[in-house]
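Peer 1: Output the structure for:
(2 chains)
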Amino acid sequence: MHAPKVVEIKRIIEETDTIKTFIFNWDGEPAKPGQFMMLWNFHDEKPMSISLIDPIKEEIGISIKNIGPFTEAIHSLQVGDKLGLRGPYGRGFEITGSKILAVGGGVGMAPISAFVNEARDRGVDVDVISAATTKNELLFMDELRAADVKTYACTDDGSFGFCGFATEFMEEIIKEKDYDMVVTCGPEIMMKGVFEIVDKLKIPAQFSMERYMKCGIGICGQCCVDDTGWRICAEGPVFWTDEVRLITEFGKYKRDASGIKHDI
Amino acid sequence: MLEVELCDIKMKNPTMLAAGVLGSTAASLNWAARSGAGAVVTKSFGLHPNKGYVNPTTVEVTGGIINAIGLSNPGVDTFYGELEKIEKTTPTIASIYGASAEEFSQIAAKVENLVDIIELNVSCPHAQKGCGASIGADPKLTGEIVKAVKNAVEIPVIAKLTPNVTDIVEIALSAEKAGCNGLTLINSLGPGIKIDLDTANPILSNKFGGLSGPAIKPVALRCVFDVYDAVEIPVVGVGGISDYRDAIEFIFAGARCVQIGTSITYKGLDIFKEITDGMKKFMYNRGYESIDEMVGIAHK
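Peer 2: Predicted structure coming up:
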C-alpha cells in the first residue's frame, strides 16, 4: 500500500560536514539500487535515494545532504526518532556488463554506493569516480577503498585526488580502460557531461535523474519530463542513454512545485 | 466501432485522460494521446501560479487513493505555452478553476483557440476557499459560472460536478439550464482522511483529501445514472474505472464517454489500449456496433 510506514532511526552516520546517512530496519518490499523512498517527517515528504541496501539484516540507508528546511529538520533527528517511509519506488539501475564505471557527484554518490555494493556481490568489476567540491565532502571513500573498489577522487578545489570535474577525469581514464557500461548520478550538469562522453564513445550508460515530485506513484504528473512525458518517479529515475536523448529538457531546465520552468 | 461524438467533437474512442492525473504539461498529454486515449483533459489551471499543498499530498487507502495536491499549476499564461505544444491528433479539453465567474471566463477566453472543450472544475474537494466544490455544491453559483463562461467562449463548455451534495441532479439541471453543453460526473469523493497509527498524525499535510479509485465507482455510477435520466446534454462518466467492464457499466448507465484517472497509478498509460481493446471485444461478442446504441441502456 502506498502509505508511509513509520520506522525508527537505527543508526546515524556523519559522512561529511553536510551529509548524514540514516539507517532503518526495513522489512517492506526489497529495494534495488537506484530506487528511491518517499521520506515523511510528519510535516513534509520528499523523495530520497537509497544508499544502503542490506537484505540480510533487513536494513536500508538513506544519505541526505542538508540543503534546506526539510533536510535540516531531518539532520536534527537522533537515533530512536521516528520517520515515515514509503517505497521503494521507480526503476533502478540494471547491473549488466562485466566492467563498469560508476560516476557520482556529491550526494549523487548515494545510489552509486548501493549500486557498487550489489554489483560487487554479483562479481562484477566496478571502478568509481567520486566527485565533490572539496576533500571533506567526498562521500563513501573509506567504505569503497575498504571494499577494494578502485576509487578515483575528484575535487573542484584540488584538495584531494584529481583537481577538476569528474567529467574531465573520466575522459582521461575511459580511454585507457575498456568499460562495458557507465552509471552516473549527480548534478545534472555533470551528468550532461557524462552523456556527451559516453555518446561519443558509444558506451551504454544509465543516468539517475531528479525532478520535483509530489505523489511518487505516477499519478500527479509533477515530475513528467519534456518531450516524452515520462514520469521520473515511475519510468525513471534511471534512464539509458537512448532514453535520455529523448528527454529534451535534460541538462536544460526543470519545473518547480507549481510547474514553472527554471534553468539548470 | 468505438467512435463517438461529444458536443460535436469527434473522438476515436470514448476514453479520456481525467483531469488532475498527469496532464500538467503538453508532453504528458501527448503521451496519453499516443497511448490511445480518445481525448485528454489537462490538469486544472487557474489565473495565477499555484504551488498546491505541501507533501504528503497523496496516500493510498483501501480501494483507492486520497489526494490533496491543491490544484498546483503554473497559471494560465505559462500553461498557454504548454497548450501550444499539444499535438492536435486527439481532442484536448482544458480543465480550469477559479474563484468567480469573472475568473473562469477570463481563463476560458484566453485558451479557447487552443482547445476543443472547456471543462469547469467546480468540484475539487480540497481546493482553496471559494474554489472547487464550494462552488459546485451551490446550484445557483454553478449556473452563474456556466453562463458567464458560455458567454465568453464559442467552444463547448462542460461542468465537472461533485458527488458531495445532497442532490446532484439539482446541480446538473442548473448547469444545463445555464447553457452547459455536457457534464462530467464525478470528481473525487469526500473529502476523506487517513491517520497514521504509530504517531496519530493525519498523513496528508492538508489532513483531508478527495477519494478516488475503485471504492468510489458505485457512487459515480449512480450519479451518472440519476443525471442521465434528468438532462438532455451528454454525460461523461469518471470514478474508479480500471478495466473495460467498468467502462461499459458507465456507458450502460448513461455516459457517452469515460475518463480514467487513478488506475494509471497501477496500470500506467497502457490502460487506454487495454480498455479500448476490451470494449471492442465485448461489443464484437455481444453484437453491438456502436457506442451510441449502448449509452443508457440500463434505463429500461
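
Peer 1: quick one: least confident helix or strand in chain A?
Peer 2: When the helices and strands of chain A are scored by mean pLDDT, DSSP states H and E, helix A:141-146 comes last with a mean of 91.

Peer 1: which residues sit against it?
Peer 2: Helix A:141-146 is contacted from outside by A:113, A:116, A:128, A:130, A:151, A:153, using CB atoms under 8 Å, 6 or more residues apart in numbering or on different chains. In short, each C-beta sits where N, CA and C put it, glycine included.

Peer 1: What sits closest to whatever residue of chain A ends up closest to chain B if chain neighbours are left out?
Peer 2: Closest residue of chain A to chain B, CB to the nearest CB: A:Gly229 (3.2 Å). Using CB to CB, 6 or more residues apart in numbering or on different chains and skipping the chain neighbours, the partner closest in space to A:Gly229 is B:Trp31 (3.2 Å).

Peer 1: now swap in B:Cys257 and tell me
Peer 2: B:Cys257 sits nearest to B:Pro14 (CB to CB, 6+ apart), 4.2 Å away.

Peer 1: Then B:Phe272?
Peer 2: Leaving out its chain neighbours, the residue that sits closest to B:Phe272 by CB to CB, 6+ apart is B:Gly36, at 3.6 Å.

Peer 1: rewinding a little: okay, now the residue nearest to B:Cys257: neighbour count?
Peer 2: Look at B:Pro14: counted by other CB atoms under 10 Å in any protein chain shown, it has 28 neighbours.

Peer 1: about what we covered before: buried residues of the least confident helix or strand of chain A, list them for me.
Peer 2: With burial defined by 16 or more other CB atoms under 10 Å in any protein chain shown, the residues of helix A:141-146 counted as buried are A:141, A:143-144.

Peer 1: And stretch A:165-175, by the same measure?
Peer 2: By neighbour count with 16+ other CB under 10 Å, stretch A:165-175 contains the buried residues A:165-167, A:169-171, A:174.

Peer 1: who touches that stretch?
Peer 2: Contacts for stretch A:165-175 (CB under 8 Å, 6+ apart): A:101, A:103-105, A:127, A:129, A:131, A:152, A:154, A:156, A:162, A:182, A:186, A:190, A:193-194, A:196-197, A:201, A:203.

Peer 1: Over to stretch B:130-137?
Peer 2: For stretch B:130-137, contacts defined as CB under 8 Å, 6+ apart pick out B:46, B:71, B:97-100, B:121-127, B:141-142, B:145, B:159-162, B:164-165, B:171, B:187.

Peer 1: May I have it as PDB, with CA atoms only?
Peer 2: C-alpha atoms of stretch B:130-137 as PDB (Å, rounded to 0.1, in the frame of the first residue of the first chain):
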ATOM      1  CA  GLY B 130     -14.000  29.800  -2.700                       C
ATOM      2  CA  CYS B 131     -12.900  27.400  -5.400                       C
ATOM      3  CA  GLY B 132     -13.900  23.900  -6.400                       C
ATOM      4  CA  ALA B 133     -16.600  22.100  -4.600                       C
ATOM      5  CA  SER B 134     -17.700  25.100  -2.600                       C
ATOM      6  CA  ILE B 135     -19.000  26.400  -6.000                       C
ATOM      7  CA  GLY B 136     -20.300  23.100  -7.300                       C
ATOM      8  CA  ALA B 137     -22.400  22.500  -4.100                       C
END
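
Peer 1: Can you give me the buried ones in that stretch?
Peer 2: Of the residues in stretch B:130-137, B:131-137 count as buried by neighbour count, 16+ other CB under 10 Å.

Peer 1: Stretch B:69-84 now?
Peer 2: Counting neighbours by 16+ other CB under 10 Å, stretch B:69-84 gives B:69-76, B:78-79, B:82-83 as buried.

Peer 1: Centre of the chain to stretch B:293-300, how far?
Peer 2: Centroid separation for stretch B:293-300 versus its chain: 22 Å, with CA atoms, centre = their mean, to the nearest Å.

Peer 1: one step back: please identify which of the buried residues of stretch B:130-137 is nearest to chain A.
Peer 2: Nearest member of the buried residues of stretch B:130-137 to chain A, counting by CB to the nearest CB, is B:Cys131, at 15.5 Å.

Peer 1: For chain A, see how far away the residue nearest to B:Cys257 is.
Peer 2: 22 Å (CB to the nearest CB, to the nearest Å).

Peer 1: Give me the phi and psi for that residue.
Peer 2: With angles defined as degrees, to the nearest 10, B:Pro14 sits at phi -90, psi 10.

Peer 1: Spit out the contact partners of A:Phe140.
Peer 2: A:15, A:51, A:109, A:113, A:130.

Peer 1: Wait, a helix at the fourth one?
Peer 2: Spelled out, that is A:Ser113. Yes: secondary structure assignment (DSSP: H, G, I helix; E, B strand; the rest coil) places A:Ser113 inside a helix.

Peer 1: Give me the residue ranges of the stretch 151-264 of chain A where confidence is low.
Peer 2: Within the stretch 151-264 of chain A, no stretch has pLDDT under 70.

Peer 1: So which residues of it form helices?
Peer 2: A:166-176, A:188-201, A:241-244 (DSSP state H, counting those that start in this stretch).
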